[in-house]
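> make a model of this:
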Amino acid sequence: MDSYSFIVEKSEINKRIDVFCSEKILIKTRSFFQTIIKDGFVLVNNCIINKKYKLKIGDIINFTIPDLKPLTAIPEEMELDIIYEDEHLIVVNKEKGVVVHPAPGNYTGTLVSGVLYHCNELSSVNGVVRPGILHRIDKNTSGLLIIAKSDIVHLDLANQLKNHSISREYHGIVYGKYKNKSDTINLPIGRSSKDRKKMCVTDSNSKEAITHYETMSEGNGFTYVKFFLETGRTHQIRVHSSYIGNPLAGDDVYGPKNVIKDLNGQCLHAKKITFYHPIFKKQVSLNTNLPVYFKNFLKKHFI
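Here you go, the predicted structure:
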């Protein structure tokens, strides 16, 4: 385990402890430090604090970075649809129904397990359960996902996400028609107080969430739409779509009770992603075809 000690200077007053630590140790993220703060590895004046603690001048900060735990994502051989790969990162077209990383109830058969088998080494920034995972998409959402092979690449791409410089385009099919053919949904999203497994539009313990959309075509009771994410909150497109009265077809969580079962989940595909390559210093733009389930639904409900 590596240990560190710092004394807070005047320029660092009122800075949150998790921010302070992540700025001192650049190869670890803020979320990483939030976890070890919770576990008691970070002390301020020899006292355990929470992640929201704001620094005072002269505070003595001591923290220990625990050794990595044994890998819990186990490499598994599986067929991957790799859209792009180099020695620094991979972009995979995830199938509907595949879980991105291990979680209760889904310890095997995850995308991470398949990628680990394919390339052996991924970034460690997000810990042993989510190695390489920069962002995620839901189990029943298909589409493009960037996976980092090194911590340096991971942190650079994470900063691009934070600064909204990674462009993510989703295609989806929603119920009904929009009042406006194109618009922006700017509504905060947080965890539901009634059902902790769900997210909702709320002003309580929420984060800014911005979704842009454009109508592609209108069908029989449905609209084919293009979404652009400015932020990346959990279930963001699904929550925003449901809130304005146009839930995604097939969504068994945020859609109507009479769900379209043959879709096996929401009709949503992460179709295009554009980012700046951290090492090659050039823009990379990747696109993928709509999956079969999506095409079949379009043929059935759109002329």
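
> contact partners of the helix or strand harbouring Leu145?
With elements taken from DSSP states H and E, the one containing Leu145 is strand 142-148. Contacts to strand 142-148, defined as Cβ atoms under 8 Å, 6 or more residues apart in numbering, come from residues 83, 88-96, 100, 111-112, 115, 122-123, 125, 132-137, 154, 157, 170, 268-273, 275, 286, 288, 291, 293-294. C-beta coordinates here come from the backbone N, C-alpha and C atoms, glycine included.

> let's see it at 7 Å
Residues outside strand 142-148 that contact it (Cβ atoms under 7 Å, 6 or more residues apart in numbering) are 83, 89-96, 100, 115, 122-123, 132-135, 137, 154, 157, 269-271, 273, 275, 286, 288, 291.

> mean confidence score for that strand?
For strand 142-148, mean pLDDT is 94.

> now the element after it, going C-ward?
According to DSSP H and E, the helix or strand after strand 142-148 is helix 151-162.

> which parts of the stretch 151-300 of the chain are strands?
Remark: strands assigned in the stretch 151-300 of the chain by DSSP state E, counting those that start in this stretch are 167-175, 182-186, 189-191, 199-201, 206-207, 210-218, 222-229, 268-276, 283-287.

> returning to that earlier point: buried subset of the contacts of strand 142-148, written for ChimeraX?
Remark: buried members of the contacts of strand 142-148, expressed as a ChimeraX selection using 16 or more other Cβ atoms under 10 Å:
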select :89,90,91,92,93,94,96,100,115,122,123,132,133,134,135,137,154,157,269,270,271,273,275,288,291
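
> from the contacts of strand 142-148, which ones fall inside helices?
Among the contacts of strand 142-148, the residues falling in helices (DSSP state H) are Val115, His154, Leu157.

> relative to Leu157, how far out is Ser242?
Look at Ser242 and Leu157: by Cβ to Cβ, to the nearest Å, they are 29 Å apart.
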